[in-house]
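Give the three-dimensional model of this entry:
(2 chains)
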Amino acid sequence: MEKKLFDALVFLTLLAPLVSFFTLCCLPRNYIKIILSASIFLMLISTLSALVLLFNFWNGAIIPIHLNWFSIGTNSFTADLALSNRSLVMLALVAFISLLVHVFSIGYMGGDRDLKRYFAMLGFFTFCMQGIVLSDNLLLLFMFWELVGFSSYLLIGHRTIRPEAGRAAKKAFLLNRIGDAGFMVGLMMIWAIYETFSLTQILSTSTVHPWQTAASLCIFCGVIGKSAQFPLFTWLPDAMEGPTPVSALIHAATMVAAGVYLLVRLFHIFTEDALLVVAVTGMITTLIGAMAALSQHDIKKILAYSTISQLGLMVLAIGMGILDAALLHLFTHAFFKACLFLSAGLVTHSLHKAQKGQQHFDVQDIRNMGGLRKKMPTAFIAFLLSGASLAGIPFFSGFLSKEAILIALYMHNNILSWLMLVVIVSVSFLTVLYTFRMIWFIFFGEGRVIKPLKIEEPSWIMRLPVLILAFCSLWFLVSRNPFDFKGWMLTNENHHSDLLWITFISILWIVAAVLVSWYAFRKNPFKTHHILRKSFYIDEGLTAFFGTVTRISSRTTAFIDRSWIDKTIHGLVYAQVVVAHFTGWIDHVFVDGTVNGVARLAGLGGKITRSFQGGNIQLYIFWALFAIIIFIIWTLN
Amino acid sequence: MQEYLLSLLIFTPLLAAVIALFIPSTFIQAFRFLAMMATLIQVVFIWQLVTAYEPSASLQFVEQKSWITLDLGAWGTLQAQYFLGIDGLNITFVCLTVAIMIIATISSWRITKNVKGYFILVLILNAAIVGTFSALDFLLFYLFFEFMLLPMFFLIGIWGGPRREYASIKFFLYTLLGSILILIVLIGLYISVLDPEHSPKVVHTFNMLHMTHPENFISGSIFDPENPWMIGTINARAWAFLLLFIGFAIKLPMVPLHTWLPDAHVEAPTPVSVILAALLLKIGGYGLMRIAFPIFPEAALTFSWLVGLLGVVSIIYGALNAMASKDLKRLIAYSSVSHMGFVLLGLASLTTEGVTGAIYQMFSHGIIAALLFLIAGVLSDRTHDRMIDHYSGLATRMPSYFAIVLIGFFASMGLPGFSGFIAEILVFLGAFKSNTTNGLIHESLAVISTLGLILGAGYYLWAIQRMFFGPLHLKGEATIEQLVPLSYREYLMLIPLCFAAFFFGIYPQMILNWINPFTEGFVNIVVETGKRLTPNL
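I've put the predicted structure just below:
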């Protein structure tokens, strides 16, 4: 009975968003109310069943669901679904944030002409994301993995009228595809090594195959693409072309975190060497992200780089073997980063409305804002709470998860972990700087360009989800004690009370950073070097490199087709025509000549013989005598 | 009737073509309905065939009648049979043919020039394609194979675009060259193979099944595996394999024998493009699997590296050329070259996964290529302009067309959930595994060919970005008023194809049930017989 209920709940969680997608696809585009209520209702169902699953089966013995997909020869490809504590949390997280984003979008996207496509794709995305979380088969996981990329493509490019949207969407999908090509090679290796894609079977194998480092690194390529790691991270800042709720859901809270989840899921197949690469990649990413975030002016770009930096942090932690703390950070990051994006959405939405008919300016540029604390209190509170969580201030969830990573790193106690510790500490300093830079610029001081505008807060349907998320950025979602990260999730970790001095130092460090940011950014915009602003020109470098290589090689192949292959064919055809003319000439001169010559010869012979028969009796007697004489001469011999 | 289903499938369109001959050419509507009727009757037959078909390695619905028997005295007896049969390999293609022919007939509704001639040719083509896929006698196969050439030549040459003469002659010459190479092998095989049923009488046969058994070859004949005779460094059988390979590779088409394809596609009218891409290309791959590989297995093993390498070259070269194309139809044509490269790669691996993937890729490409050419047709029907750069912002003007283009393009670039993904992943798995299981092709081929995935996404997304994003804006002759929404007739063609691409990507088991028994037998026989005969090479 319990098993049946469990299966039903799993399928409900997974399929309700898919039903939402198909329902919306079938509805006419002008039935807006039905579209909205159907998609919210189905997401609500999905969220509720995910929460029921989480509460009832946490730490319970969970039986995987076996489904056969297809089979070839003796090999079968299954579509198994498996759940663990980790995936239960992920399921609930994705469903919950997706629901909030759905609700927020009602207000934010109101009046959009492609509302149907928008909500359908949100549902489709949620389905695929839950699929990644649930699948126990690497091939199935890869399917969902690529499909979230597809929904991300359509959602980034939602405003088709903007050429930039098309460009950003293409870039996101292409860079993901580059990563996924690596993932595909990883799949081939996994298949060659294990002859199965079942994760349960793969992870239970203990022997290390010589290809294992290569295989795990290839799979890591997929993570580099999806989780926006160095050097493929450049799609994420551009992906901010998409509507802000999409950025909150896909490009901050869930899809980009899928890579981190995959790393944790497949951790056992990663070898030591592969993990070192993972850790170093994470380190580079987190540094670049934090530095670039400090030098942006577009609020969404700052948040995007911040996401890159935080993802790098998680990947770094996994590379160092710190799984649970990394997942805890994923969990807390999802809430506070979604909240940051949505409150940024509140701000830009209001500014955009207020701007109508007035002077035109960039509503996402923080240099234009200021003093919004009083005009938009909800956005201010939400941004402050979630920003504090991002900065890692005590009593917020971000503090706890960062603390968990720091302490786990400290426990490692080797040179590499000390280096990583230094990196994380400096990144957290930078994080505080750019977070409070945003807060000072947007909410404090004098309104710069926006001062004359009459700004109203958006409706409650947008403010409520933001407030819920802000509320979730507080410590209690993780643990009851605001200074002890060992809550309900990290049951295995030991908290050492003798390490409280680390907590103390990190609090001091963060307070110092807040003070620095107060003095540095309160008044004047921070002037940064263009290298930082362009995040070390990696984007330009990548685009130039790949663009040039493909352009040159595609032109070359087109040239080969036209000039070599086709010219050869034409040459052959001309040669054939020439040969044909030549044989025609031979026909005419020799063959016809011979035939005509023979005919003429025959005619000549006829003429000669005809001359013998003149009808003249004397001539006949002469020829008869001649013949007789010849005959006699011949017989005599 | 059951036992004559294949003949009925072949002769229904032929009969319709004969009837059409007697209808005066002014009754335009009559020809359309006649062609439609013929294909619908074929659907009835195919339905019976599919329901009665049992997945197994054996041939079913076999029709074996004596066709030509000539007693040549001291040279033995020439025997060609009317020999048809269905197994896991060709049932997918026969089904595909009937399905695509319906789509093509609907798509031909708008042809107005010489309707009578057009439909007669399409019906003949239909019969020839079904015949090619179901013939098991080499001479009969060759007859049908050549029979396809003529209607196609006229369909491109008369109903085509501005450069139709050039394109049709190029198509004709290329394919004729391939046919001649195949003919040479056909004659050689006829001389070498005896019908074991009539032994010890010397009966030369064209039966393909007999040709796959090395013991049926006359000792000392040109294609006898024991024959030590060498031409250059390889023996006559290896040469025969290469000739067949080139002959079928032209049809596939494979780089560098592909340049007829873009020209033929660009000039051909939409329905002819659909037939060409969805069906005619498959005959190349089908011929390799039915004739070249099983009859000359040891040569197939020896040259599998070449087949695989040329497959990879086709994948990447085709994709790069697609990226350089300015004409939407040319882009799709080059993408076909790229996708048929996967067929070669999978086949060369000679693993169960690879060969299954190759067959599945042909089937899936049949659906998706048809969809893509119809998509291009939608645009050229409206504006007679297919230049990608001439359009911008179409998404705002034609949202449902945008949705279908998204499905078509993403299905073609192998997005999971569409049939192409299943095919490509199977090819990759097989090609990568080949080195460790049978040592035929190197892993690097599979790794390099993943570049095709990236490039595939590149050219499609670039085309979408240029044509559909941004503000609505047209260049060239076209006007915005010409861009009317999709008609019901167009939906009738596009939606089932979208659905099919999706269905076979989610639920591949249906087709795999058919393919599986065939592939297992195929791989075993080719690899085992090949290994046994290789020392003779």
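
Find me whatever residue is spatially closest to residue B:25, sequence neighbours aside.
Excluding the flanking residues, the one nearest residue B:25 by C-beta to C-beta, 6 or more residues apart in numbering or on different chains is residue B:116, at 4.1 Å. Just so you know, the C-beta spots here come from the backbone N, C-alpha and C atoms, and that holds for glycine as well.

Make sure the one you found is actually in contact with residue B:32.
No. Contact criterion C-beta atoms under 8 Å: residue B:116 and residue B:32 do not qualify, at 10.4 Å.

number of nearby residues for residue 452?
Since no chain was named, I'll use chain A. A count of nearby residues for residue A:452, using other C-beta atoms under 10 Å in any protein chain shown, gives 9.

that's the other chain; I wanted chain B
Counted by other C-beta under 10 Å, the residues lying close to residue B:452 total 27.

hey, which helix or strand in the chain has the poorest pLDDT?
In the absence of a named chain, this looks at chain A. helix A:530-533 (a mean of 73; mean pLDDT, DSSP states H and E).

sorry, should have said chain B
When the helices and strands of chain B are scored by mean pLDDT, DSSP H and E, strand B:230-231 comes last with a mean of 80.

Adjacent strands (with direction) for it?
When sheet partners are counted by DSSP bridges, strand B:230-231 sits next to strand B:234-235 (antiparallel).

so where does residue 248 fall, helix or strand?
Just so you know, I chose chain A. helix A:244-248 (DSSP states H and E).

you looked at the wrong chain, it should be chain B
Assigned by DSSP H and E, residue B:248 falls in helix B:236-251.

C-terminal to that helix, what's the next element?
The helix or strand immediately downstream of helix B:236-251 is helix B:260-267, counting by DSSP H and E.

Sketch out the low-pLDDT regions of chain B for me.
Within chain B, the ranges that satisfy pLDDT under 70 run B:1, B:536-537.

and if you look at the stretch 301-450 of chain A?
Residues of the stretch 301-450 of chain A that meet the cut-off, pLDDT under 70, sit at A:447.

all helices for it, in order.
A:323-355, A:372-375, A:377-391, A:397-412, A:415-443 (DSSP state H, counting those that start in this stretch).

Residue A:578: which of these is closest?
helix A:323-355 (71.6 Å; C-beta to C-beta).

Between helix A:397-412 and that closest one, find me the angle.
Orientation check (axes from the mean of the first three to the mean of the last three C-alpha atoms, to 10 degrees): helix A:323-355 against helix A:397-412 gives 150 degrees.

list the helices and strands helix A:323-355 packs on?
helix A:85-108, helix A:244-248, helix A:255-265, helix A:299-319, helix A:377-391, helix A:397-412, helix A:460-472 (3 or more C-beta pairs under 8 Å, 6 or more residues apart in numbering or on different chains; DSSP states H and E).

returning to what we had before: dump the C-alpha coordinates for the helix holding residue A:248 into PDB.
Taking C-alpha atoms only, helix A:244-248 is exported to PDB below (Å, rounded to 0.1, in the frame of the first residue of the first chain):
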ATOM      1  CA  THR A 244      13.500  37.900 -14.700                       C
ATOM      2  CA  PRO A 245      11.300  35.100 -13.200                       C
ATOM      3  CA  VAL A 246      13.000  32.700 -15.700                       C
ATOM      4  CA  SER A 247      16.400  33.900 -14.500                       C
ATOM      5  CA  ALA A 248      15.300  33.300 -11.000                       C
END
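
which residues touch it?
The contact list for helix A:244-248 (C-beta atoms under 8 Å, 6 or more residues apart in numbering or on different chains) reads A:97, A:101, A:104-105, A:108-109, A:122, A:155-156, A:158, A:239-240, A:300, A:303-304, A:337-338, A:341-342, A:344-345, A:348-349.

which residue does chain B bring closest to chain A?
Residue nearest to chain A within chain B: residue B:469 (2.8 Å; C-beta to the nearest C-beta).

from what I can see that residue touches residue A:159, true?
No. Using C-beta under 8 Å, residue B:469 makes no contact with residue A:159, being 9.0 Å away.

Tell me who's in contact with residue B:402.
Residues in contact with residue B:402 (C-beta under 8 Å, 6+ apart) are A:160, B:394-395, B:468.

Check the residues you listed and tell me the two furthest apart.
Within these, A:160 and B:394 form the most distant pair, 8.9 Å apart (C-beta to C-beta).

Report all helices and strands that the longest strand belonging to chain B contacts.
Across chain B, the longest stretch assigned as strand under DSSP state E is strand B:60-71. Contacts defined by 3+ C-beta pairs under 8 Å, 6+ apart place strand B:60-71 against helix B:5-21, helix B:28-52, strand B:77-86.

can you tell which of the helices and strands packed on helix A:323-355 is closest to residue B:445?
That would be helix A:255-265 among the helices and strands packed on helix A:323-355, by C-beta to C-beta, at 27.0 Å.

Now do the helices in the stretch 451-600 of chain A.
A:460-472, A:500-521, A:530-533, A:538-559, A:566-586, A:592-612.

Quick one: work out the angle between the last one and helix A:566-586.
Counting by the same axes, to 10 degrees, helix A:592-612 points 10 degrees away from the direction of helix A:566-586.

now what about the following helix or strand past helix A:592-612, what contacts it?
Next helix or strand after helix A:592-612 toward the C-terminus (DSSP H and E): helix A:617-636. With contact meaning C-beta under 8 Å, 6+ apart, helix A:617-636 is reached by residue A:612.

pLDDT on helix A:617-636, on average?
The average pLDDT within helix A:617-636 is 87.

Export that helix to CSV, keeping only CA atoms.
Taking C-alpha atoms only, helix A:617-636 is exported to CSV below (Å, rounded to 0.1, in the frame of the first residue of the first chain):
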residue,chain,number,x,y,z
ILE,A,617,29.1,-11.7,-129.9
GLN,A,618,32.7,-11.1,-130.9
LEU,A,619,33.6,-10.1,-127.4
TYR,A,620,32.1,-13.2,-126.0
ILE,A,621,34.0,-15.4,-128.5
PHE,A,622,37.2,-13.6,-127.5
TRP,A,623,36.6,-14.2,-123.8
ALA,A,624,35.7,-17.9,-124.4
LEU,A,625,38.9,-18.4,-126.4
PHE,A,626,40.9,-16.6,-123.8
ALA,A,627,39.5,-18.8,-121.1
ILE,A,628,40.1,-22.0,-123.1
ILE,A,629,43.8,-21.0,-123.8
ILE,A,630,44.3,-20.3,-120.1
PHE,A,631,42.7,-23.6,-119.2
ILE,A,632,45.0,-25.5,-121.7
ILE,A,633,48.1,-23.8,-120.4
TRP,A,634,47.1,-24.7,-116.8
THR,A,635,46.4,-28.4,-117.7
LEU,A,636,49.6,-28.8,-119.6
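
Next, the angle helix A:592-612 makes with it.
Between helix A:617-636 and helix A:592-612, the angle comes out at 100 degrees (the same axes, to 10 degrees).

gap between helix A:617-636 and the chain center?
What separates the centre of helix A:617-636 from the centre of its chain is 113 Å, taken as C-alpha atoms, centre = their mean, to the nearest Å.

What of stretch A:218-226?
Worked out by C-alpha atoms, centre = their mean, stretch A:218-226 lies 9 Å from the chain centre.
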